[in-house]
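1. Please work out how this folds:
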Amino acid sequence: MKEIAIHINPEYKRRVMSQSYVIVGDGIAGASAAETLREEEPDADITIITDEGEPLYNRILIKEFAKGKLPEAPISIHDESWYDDRDVDLELDTLVTNIDPEGHTVTAHDGTEYDYDKLLLAIGGTPTQLPVENSDAEGIHHFWTFQDARDIKEHIEGADNSVVIGAGLLGIDLAAITAAQEVEGKYLMRGKAWWRYALSEEGAEIIHEALRERDVEPVFDSGVDHFEVDENDRVTTAVDPNGDRYDADFVGIAIGLNFNTEILGGTDIEYDNGIYTDEFMRTNHDDIFAAGDITEFHDLILGDRAQNGAWGSAKEQGTIAAKNMVDYGSEEFRWVSSYSITHFDFPFLSFGHPTLGDDHVEAKYSDTEWRRLAIKDGKIVGGVLIGDLSPQTKYKKLMREQVDVSGQKEVLVKQDFQLDDLEGAAAEQ
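-> Residues are numbered from 1 along each chain as shown. A predicted model of the protein is given here:
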């Protein structure tokens, strides 16, 4: 009998046959994408692949666990039954080592191949290693995963003195952990201010003083030249480039992330520091999307590429990516991210892109109240608020609506700033 070739229209196949979605990464971006996909596509096959050994946990709260302020239970967000209940296949301890965009497959470290119709890369990053002698010694910690937090907590509780390196948002978490565990510490910074790309020395001094009150001493124009270790290869001392020595049986390092782009090698997926996506979180491949830390997305507010892995931003990116995996172009990513610090007696909030811009304005109102706005092309693109967070909603509204505030910088930092203080179109509510 003669065989008859049957050709199925790809669009018809897409509509009538269940789709196969593979998500690489089970952080908040990957997990929110899976949840959204299941809501949008009840019959789809959904697989999450992660190299971590446990399901989604709250990365924001792991610092409170390491400080000894929270038990483990509230940190975990999903247990394995959450995935079972939603018919999502979860592959733990599985590292994706290869992507084949043409064959629509990803391959894991053990050779297992996963087919996909649509792929989401939510692969995040890995803490940057400090390239100095003995930086891998016992007693030196990086702070990124829940397991990192467990290791830090176990060690810091028996430490006598500490050194923290990394004057950014993760570094301040490490400094606060040593303070909460009542371990005297030195916080080594390369410049003259904590987070010097977002705060002036005047604003940062509020943070510096709060650290000193907790027996963590900021050391400026410093860093690490090398570490010294004992006969058991345990860290004992940090030596800075000036030759100054700091005793440390606990060291925390947070100098940034190396984004996990190595698995893109051999593909033509476009990336630089992160994976390029459009405002719908799609890459240069129609069937491949990305979300979270790893993305260099088209920021509609900034009008340029941006990278922002803050928890809220990553969660929204995962949701938006999933919606566009189901129906491309259905919803764009437009988000003003926020990052708060709760270590001190006063609140701290950054929003948007506080380290960018071609201009800025700032004001100090008291020993614990300060604000700074970053401005690009006459529009607010980010800011930092210390002490009083009430103006954030107004500033975010101006950002989202891309209001031109040219010539009105001083109005913006009035202590009781209101939107109708601005002239012209900026006054519209």
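2. Surely residue 364 is within a strand?
-> Yes - Residue 364: assigned to a strand according to DSSP: H, G, I helix; E, B strand; the rest coil.
3. Just to check, it is in contact with residue 384?
-> No - using Cβ atoms under 8 Å, residue 364 makes no contact with residue 384, being 11.9 Å away. Glycine gets a C-beta too; all of them are placed from N, C-alpha and C.
4. Mind listing the shared neighbours of those two?
-> Jointly contacting residue 364 and residue 384 under the rule Cβ atoms under 8 Å, 6 or more residues apart in numbering are 203, 370.
5. quick one, which of those two is more surrounded?
-> Each of residue 364 and residue 384 has its neighbours counted (other Cβ atoms under 10 Å); residue 384 has more, 25 against 18.
6. Residues in a beta bridge with the more buried one, which ones?
-> Residues in a beta bridge with residue 384, per DSSP bridges, are residue 350, residue 372.
7. Let's test this: name the helix or strand in this structure with the lowest mean pLDDT.
-> Least confident helix or strand, the chain: helix 10-16 with a mean of 47, by mean pLDDT, DSSP states H and E.
8. Which other helices and strands does the helix or strand just after it contact?
-> Proceeding N to C from helix 10-16, the next assigned helix or strand is strand 20-24, under DSSP states H and E. On a contact count with 3 or more Cβ pairs under 8 Å, 6 or more residues apart in numbering; DSSP states H and E, strand 20-24 meets helix 28-40, strand 45-49, strand 113-115, strand 118-121.
9. then the first one to PDB, C-alphas only?
-> Once side chains and other backbone atoms are set aside, the C-alpha atoms of helix 28-40 remain, and they are given as PDB (Å, rounded to 0.1, in the frame of the first residue of the first chain):
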ATOM      1  CA  ILE A  28      11.400  33.800  41.100                       C
ATOM      2  CA  ALA A  29      11.500  34.600  37.400                       C
ATOM      3  CA  GLY A  30      11.300  30.900  36.300                       C
ATOM      4  CA  ALA A  31       8.700  30.000  39.000                       C
ATOM      5  CA  SER A  32       6.400  32.900  38.200                       C
ATOM      6  CA  ALA A  33       6.700  32.000  34.500                       C
ATOM      7  CA  ALA A  34       5.700  28.400  35.200                       C
ATOM      8  CA  GLU A  35       2.700  29.600  37.300                       C
ATOM      9  CA  THR A  36       1.600  31.900  34.500                       C
ATOM     10  CA  LEU A  37       2.000  29.300  31.800                       C
ATOM     11  CA  ARG A  38      -0.100  26.800  33.700                       C
ATOM     12  CA  GLU A  39      -2.900  29.500  34.100                       C
ATOM     13  CA  GLU A  40      -2.700  30.400  30.400                       C
END
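10. Strand 45-49 and that one, what's the angle between them?
-> Interaxial angle of helix 28-40 relative to strand 45-49 (axes from the mean of the first three to the mean of the last three Cα atoms, to 10 degrees): 170 degrees.
11. Other residues contacting helix 28-40?
-> Contacts of helix 28-40 (Cβ under 8 Å, 6+ apart): 21, 23-24, 44, 46, 48, 50, 56, 59, 77-78, 83, 86-88, 120, 122, 291-293, 311, 314-319, 321-323, 325-327.
12. can you rerun that using 7 Å?
-> Helix 28-40 is contacted from outside by 21, 23, 44, 46, 48, 56, 78, 86, 88, 120, 122, 291-292, 311, 314-315, 317-319, 321-323, 325-326, using Cβ atoms under 7 Å, 6 or more residues apart in numbering.
13. Now do the same contact list for the nearest residue to residue 251 once chain neighbours are set aside.
-> Nearest residue to residue 251 in three dimensions, chain neighbours excluded: residue 140, at 4.4 Å (Cβ to Cβ, 6 or more residues apart in numbering). With contact taken as Cβ under 7 Å, 6+ apart, residue 140 is in contact with 227, 235, 251, 253.
14. now residue 326
-> 37, 40, 41.
15. if you set the cut-off to 6 Å instead, what comes out?
-> By Cβ atoms under 6 Å, 6 or more residues apart in numbering, the residues touching residue 326 are 40, 41.
16. For residue 240, see how far away it is.
-> 53 Å (Cβ to Cβ, to the nearest Å).
17. still on that earlier bit, just the helices and strands packed on strand 20-24: most buried one?
-> The densest packing among those, expressed as mean neighbour count by mean count of other Cβ atoms under 10 Å, is seen in strand 118-121 with a mean of 29.
18. Each with direction, which strands does the helix or strand following that strand pair with?
-> Following strand 118-121 in sequence order, the next helix or strand is strand 125-127 (DSSP H and E). Using DSSP bridges, the strands paired with strand 125-127 are strand 257-259 (antiparallel).
19. and the partner strand, how far out from the chain's middle?
-> Remark: strand 257-259 is offset 10 Å from the chain centroid, using Cα atoms, centre = their mean, to the nearest Å.
20. in that strand, what's buried?
-> Using 16 or more other Cβ atoms under 10 Å as the test for burial, strand 257-259 gives 257, 259.
21. which SS class is residue 93?
-> Recorded secondary structure, residue 93: coil (three-state DSSP).
22. who's in contact with it?
-> Here residue 93 is in contact with residue 53 (criterion: Cβ under 6 Å, 6+ apart).
23. let's see it at 7 Å
-> Contacts for residue 93 (Cβ under 7 Å, 6+ apart) come out as 51, 53.
24. Using PDB, list the CA coordinates for stretch 269-278.
-> Output in PDB follows, covering the C-alpha atoms of stretch 269-278 (Å, rounded to 0.1, in the frame of the first residue of the first chain):
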ATOM      1  CA  ILE A 269      21.500  33.800  20.800                       C
ATOM      2  CA  GLU A 270      22.500  37.400  21.100                       C
ATOM      3  CA  TYR A 271      24.000  38.500  24.400                       C
ATOM      4  CA  ASP A 272      26.700  40.600  26.000                       C
ATOM      5  CA  ASN A 273      26.800  40.900  29.800                       C
ATOM      6  CA  GLY A 274      23.300  39.300  29.700                       C
ATOM      7  CA  ILE A 275      20.900  38.000  27.100                       C
ATOM      8  CA  TYR A 276      19.300  40.600  24.800                       C
ATOM      9  CA  THR A 277      15.500  40.700  24.900                       C
ATOM     10  CA  ASP A 278      12.900  43.000  23.500                       C
END
